[in-house]
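Engineer: Build me a model:
(one chain, ligands or ions: 2)
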Amino acid sequence: MRPFKYSTAPDPATAIGLVSANPTAKYLGGGTNLVDLMKEDVMRPAELVDVSRLKYAKIEKKGSGVSIGATATNAFTANDDLIRENYPLLAMAILAGASAQIRNMATNGGNLNQRTRCSYFYDVNMPCNKREPGTGCGALHGVNKNHAIFGWSEKCVATYPSDMAVALAALNAVVQVEGVNNTKRSIPFADFHRLPGDHPELDNNLKQGEFITSIDLPANKFAEKSYYLKIRERSSYAFALVSVAAALVTDGNKIKEVRIALGGVAHKPWRASVAEQWLIGKHATEANFKAAAAAELKNAQPLQHNKYKVALAAKAIIRALEGAMQGGAYGTMEADSTSKN
Ligand SMILES: Cc1cc2nc3c(=O)[nH]c(=O)nc-3n(C[C@H](O)[C@H](O)[C@H](O)COP(=O)(O)OP(=O)(O)OC[C@H]3O[C@@H](n4cnc5c(N)ncnc54)[C@H](O)[C@@H]3O)c2cc1C
Ligand code: SF4
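Structural biologist: Residues are numbered from 1 along each chain as shown. Ligands and ions are numbered 1, 2, ... in the order given. Predicted structure coming up:
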């Protein structure tokens, strides 16, 4: 690991000033992703500004919705009563990620900014445009079993790994950020993460030094019918091959509103808008779920080794919608054993 400067920010303005002024500086949340990447020599920040003790850890009502502090831990967030009662989909998605110990360290801001798990990105001996722009993409014609089937470019075929973010995409969350001189902006979740295009080194649309202060959730009509389904190779410490956040509002059995977001298939959480449009006004039947999933997956562009993801994603969409119809997010949540904040 290379030497770096470490400081604990006394207040947000100091933290934002330090990171904005130094392109090699990074915020440090729980460190569960950034420190790993530094140990592997993948990321080499010269300065870390620890923001984990800043007072942005509240989860509170805001208008008709709820605001989640960026420095609140994943465990605290998933166990919070406001979240469990009003946004069970979010709690279910968070609890599907990592392990109790990691969720206890990981912050919400850090979770949104976690980096891809592409093995070429982690191996500094391999070409990777995300790690080192201009070196090529090792995965494009390499081992790309875990990679994207939507929205990739010749420059990068990586997927984005967060579970929490897939639920936030389905819930139309808004990310609140602060920059130098107290400048604030609100970024709708769909615009927060980026597709790789020509600049895969950029995971999201934050500018250098912009600090996530909170994530706002609008009032949720979907609480009673929502579900997060994660398909992975083993049941803990594994990232999603494919995941689905599904949520419905129905009138009897007729679908009035529906949200479907996919994880593990693209460089950002992928809103299945074709399937959503297809389902509006239809009955909530297996046949209709199947047709909607097929309509969405028709546009998939699998790589050499991940064709299986097309069939997997279609089946996962059907199962997640069925789980949502049965009110699954309320029914299956377990409390985390610990919830430090
Ligand atoms: C073994 C293992 C298994 C895992 N499994 C899963 C899984 O199944 N699903 C899943 O979703 N995740 C999984 N994770 C990832 C884990 O969720 C992330 O590492 C964690 O959420 C990152 O949060 P952190 O606070 O530790 O971030 P850090 O590592 O501290 O930071 C990550 C990035 O976010 C930036 N950052 C932090 N806070 C802010 C802020 N407020 N504003 C702007 N930038 C900020 C940092 O500068 C850094 O670039 C796993 C991790 C490990 C180690
Ligand atoms: S897929 Fe993206 S992260 Fe993986 S090797 Fe290619 S450029 Fe790097």
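Engineer: tell me the SS of the nearest residue to residue 319 once chain neighbours are set aside?
Structural biologist: If the residues on either side of it in the chain are set aside, residue 319 comes closest to residue 229, at 5.6 Å by C-beta to C-beta, 6 or more residues apart in numbering. Heads up, the C-betas are built off the backbone N, CA and C, glycines and all. Under the three-state scheme (DSSP: H, G, I helix; E, B strand; the rest coil), residue 229 adopts strand.
Engineer: Please name the bridge partners of residue 229.
Structural biologist: residue 244 (DSSP bridges).
Engineer: Wait, it touches residue 316, no?
Structural biologist: Yes. Look at residue 229 against residue 316 with C-beta atoms under 8 Å: they come within range, at 5.5 Å.
Engineer: State the helix or strand in which residue 259 lies.
Structural biologist: strand 254-263 (DSSP states H and E).
Engineer: Buried residues in that strand, which are they?
Structural biologist: Buried residues in strand 254-263, counted by 16 or more other C-beta atoms under 10 Å: 255, 258, 259, 260, 261, 262, 263.
Engineer: Tell me the one of those residues nearest ligand 1?
Structural biologist: In terms of C-beta to the nearest ligand atom, no member of those lies closer to ligand 1 than residue 263, at 8.2 Å.
Engineer: mind listing what that closest one touches?
Structural biologist: When contacts are counted by C-beta atoms under 8 Å, 6 or more residues apart in numbering, residue 263 touches 159-163, 165-166, 230, 240, 242-245, 269-270.
Engineer: what is in contact with residue 229 and residue 316 at once?
Structural biologist: Common neighbours of residue 229 and residue 316 (criterion: C-beta under 8 Å, 6+ apart): 243, 244.
Engineer: Out of the buried residues of strand 254-263, which are close to ligand 1?
Structural biologist: Residues of the buried residues of strand 254-263 in contact with ligand 1 (C-beta under 6 Å from any ligand atom): none.
Engineer: Of the residues you listed, which pair is most distant in space?
Structural biologist: Greatest spatial distance among the buried residues of strand 254-263 (C-beta to C-beta): 255 and 263, at 22.1 Å.
Engineer: Can you show me the helices along the stretch 151-300 of the chain?
Structural biologist: Assigned by DSSP state H, counting those that start in this stretch, the helices in the stretch 151-300 of the chain fall at 164-170, 189-192, 273-279, 286-297.
Engineer: Would you mind identifying the next helix or strand past the longest one?
Structural biologist: Where DSSP H and E defines the elements, the next helix or strand beyond helix 286-297 is helix 308-325.
Engineer: For residue 62, see how far away the one residue in the stretch 1-150 of the chain that gets nearest to ligand 1 is.
Structural biologist: As assessed by C-beta to the nearest ligand atom, ligand 1 sits closest to residue 110 within the stretch 1-150 of the chain, at 2.1 Å. The spacing between residue 110 and residue 62, counted by C-beta to C-beta, to the nearest Å, is 21 Å.
Engineer: Enumerate every residue touching the residue nearest the centre of the chain.
Structural biologist: When C-alpha atoms, centre = their mean is applied to the chain, the residue found nearest the centroid is residue 165 (2.5 Å). Counting by C-beta under 8 Å, 6+ apart, residue 165 touches 111, 112, 189, 193, 263, 269.
Engineer: out of the helices of the stretch 151-300 of the chain, deepest packed?
Structural biologist: Of all the helices of the stretch 151-300 of the chain, helix 164-170 has the most neighbours on average by mean count of other C-beta atoms under 10 Å, namely a mean of 29.
Engineer: Number of residues surrounding residue 16?
Structural biologist: Applying other C-beta atoms under 10 Å, we find 25 residues neighbouring residue 16.
Engineer: Look up how far residue 177 lies from it.
Structural biologist: According to C-beta to C-beta, residue 16 stands 10 Å off from residue 177.
Engineer: Need the residues touching each of those two.
Structural biologist: With C-beta under 8 Å, 6+ apart as the test, residue 16 and residue 177 both reach 210, 211.
Engineer: more neighbours, residue 110 and residue 62?
Structural biologist: Taking neighbours as other C-beta under 10 Å, residue 110 and residue 62 compare with residue 110 leading, 25 against 14.
Engineer: Would you agree that one falls within a helix?
Structural biologist: Yes. Under three-state DSSP, residue 110 falls within a helix.
Engineer: so what's the closest residue to it other than its chain neighbours up against?
Structural biologist: Nearest non-adjacent residue to residue 110, counting by C-beta to C-beta, 6+ apart: residue 29, 3.2 Å away. Taking C-beta under 8 Å, 6+ apart, we find residue 29 in contact with 51, 52, 70, 71, 106, 107, 109, 110.
Engineer: where's the fifth one relative to ligand 2, distance?
Structural biologist: For residue 106, the distance to ligand 2 under the criterion C-beta to the nearest ligand atom, to the nearest Å works out to 21 Å.
Engineer: what about that residue, how many neighbours?
Structural biologist: Neighbours of residue 106 using other C-beta under 10 Å come to 25.
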